[in-house]
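Trainee: Mind folding the following:
(one chain, ligands or ions: 1)
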Amino acid sequence: MKTPEVIPGTGVALYRGEDSRTLAEALTVRVVDQLRQALTQHGEALLVVSGGRTPEAFLRRLSAADLDWARVHVVPTDERWVAKDDPARNSRMIRQFLLQHRAAEAQLHELVSDGQADPVAAATEASTRLRELPWPAAVVVLGMGEDGHTASLFPGAPELQQGLAKDAPLVIAMTPSSQDTRRLSLSASALSGANATLLLLQGEGKRKALELALAQPQALSERPIRVFFQQPLEVFWCP
Ligand SMILES: O=C(O)[C@H](O)[C@@H](O)[C@H](O)[C@H](O)COP(=O)(O)O
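Mentor: Residues are numbered from 1 along each chain as shown. From the prediction side, this is the model:
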């Protein structure tokens, strides 16, 4: 893997891939290395991965990695309040693209368990259930929208301040006005402090949105991705 550059004026490392295939390969190498370290040191590892469309090539590539997957816990950064088999469900994407081949044995932990009455009850239940996992995560792979949201920490969401609070529970129910479904999101504190925090982006729009967010790192609630500029962050980007 090429040595990443550092984005000028920030501590953010940037790995530029030529295309989504080379980017998926580079990200897989980095994630496998981090998971292997955690498995060696702790006997288990927690991998947190974003939803959306961008991670597909990476998840497919990662599924073939030679790891002791039975000892790897996998959690989505967030979830949409939709049925388990709905194509918009992030855990469905993880099952479809990651929990295959060697990675079929990984332990996926849903944010929304069956039979939950509403997102707030589901978030409370998940915060208790997921507490048993080996936090902080070995690696968190974040995505980002062009509005600077990450996970389901959306600018303007009424629950955003709760989601950004240092004492937030692991999982928060969110009602972002820009989205057509309610969401559950890991809180900023749950997503922070991982041994490696990686941001996966594709396209010029995301690159420009990252530059905008980096230009004013202090205004967290305007662009929640900024929370992650306060710790070591590695960006994996391709055109
Ligand atoms: O459920 C989700 O949508 C995500 O977890 C979200 O934070 C995602 O990472 C960004 O919206 C980017 O999504 P794309 O990869 O589809 O552009």
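
Trainee: Which strands or helices does the biggest strand by length in the chain pack on?
Mentor: Longest strand in the chain, counting residues (DSSP state E): strand 196-202. With contacts taken as 3 or more Cβ pairs under 8 Å, 6 or more residues apart in numbering; DSSP states H and E, strand 196-202 sits against helix 20-42, strand 139-142, helix 204-215, strand 234-238. No exception for glycine: its C-beta is placed from N, CA and C like everyone else's.

Trainee: mind running it again at 6 Å?
Mentor: Applying 3 or more Cβ pairs under 6 Å, 6 or more residues apart in numbering; DSSP states H and E, we find strand 196-202 packed against strand 139-142, strand 234-238.

Trainee: Distance to residue 78 and mean pLDDT added to those strands, as a markdown table?
Mentor: Below are the helices and strands packed on strand 196-202 laid out as a markdown table (distance: least, Cβ to Cβ, whole Å; pLDDT from 0 to 100):
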| stretch | distance to residue 78 | mean pLDDT |
| --- | --- | --- |
| strand 139-142 | 10 | 98 |
| strand 234-238 | 19 | 98 |
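
Trainee: For the ligand, find the nearest of the ones you listed.
Mentor: strand 139-142 (6.8 Å; Cβ to the nearest ligand atom).

Trainee: Go ahead and produce CSV holding the CA coordinates of the closest one.
Mentor: The C-alpha atoms that make up strand 139-142 are tabulated as CSV, following Å, rounded to 0.1, in the frame of the first residue of the first chain:
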residue,chain,number,x,y,z
VAL,A,139,-11.4,-0.5,14.0
VAL,A,140,-14.2,1.8,13.0
VAL,A,141,-14.9,2.4,9.3
LEU,A,142,-17.0,5.5,8.9
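
Trainee: Pull the distance from it to the chain's centre.
Mentor: 5 Å (Cα atoms, centre = their mean, to the nearest Å).

Trainee: Please name the strands paired to that strand in the sheet, noting orientation.
Mentor: In the sheet, strand 139-142 lines up against strand 45-49 (parallel), strand 196-202 (parallel) (DSSP bridges).

Trainee: Low-confidence ranges, this structure, go.
Mentor: 1 (pLDDT under 70).

Trainee: Which parts of it are strands?
Mentor: Secondary structure of the chain (DSSP E): strands at 5-6, 13-16, 45-49, 72-76, 78-80, 107-108, 139-142, 171-174, 183-186, 196-202, 234-238.

Trainee: Let's have those in CSV, adding distance to the ligand and mean neighbour count.
Mentor: Converted to CSV, the strands of the chain look like this (distance: least, Cβ to the nearest ligand atom, whole Å; neighbours: other Cβ atoms under 10 Å):
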stretch, distance to the ligand, mean neighbour count
strand 5-6, 23, 11
strand 13-16, 17, 18
strand 45-49, 9, 26
strand 72-76, 7, 24
strand 78-80, 5, 26
strand 107-108, 15, 16
strand 139-142, 7, 26
strand 171-174, 11, 26
strand 183-186, 7, 29
strand 196-202, 7, 22
strand 234-238, 12, 21
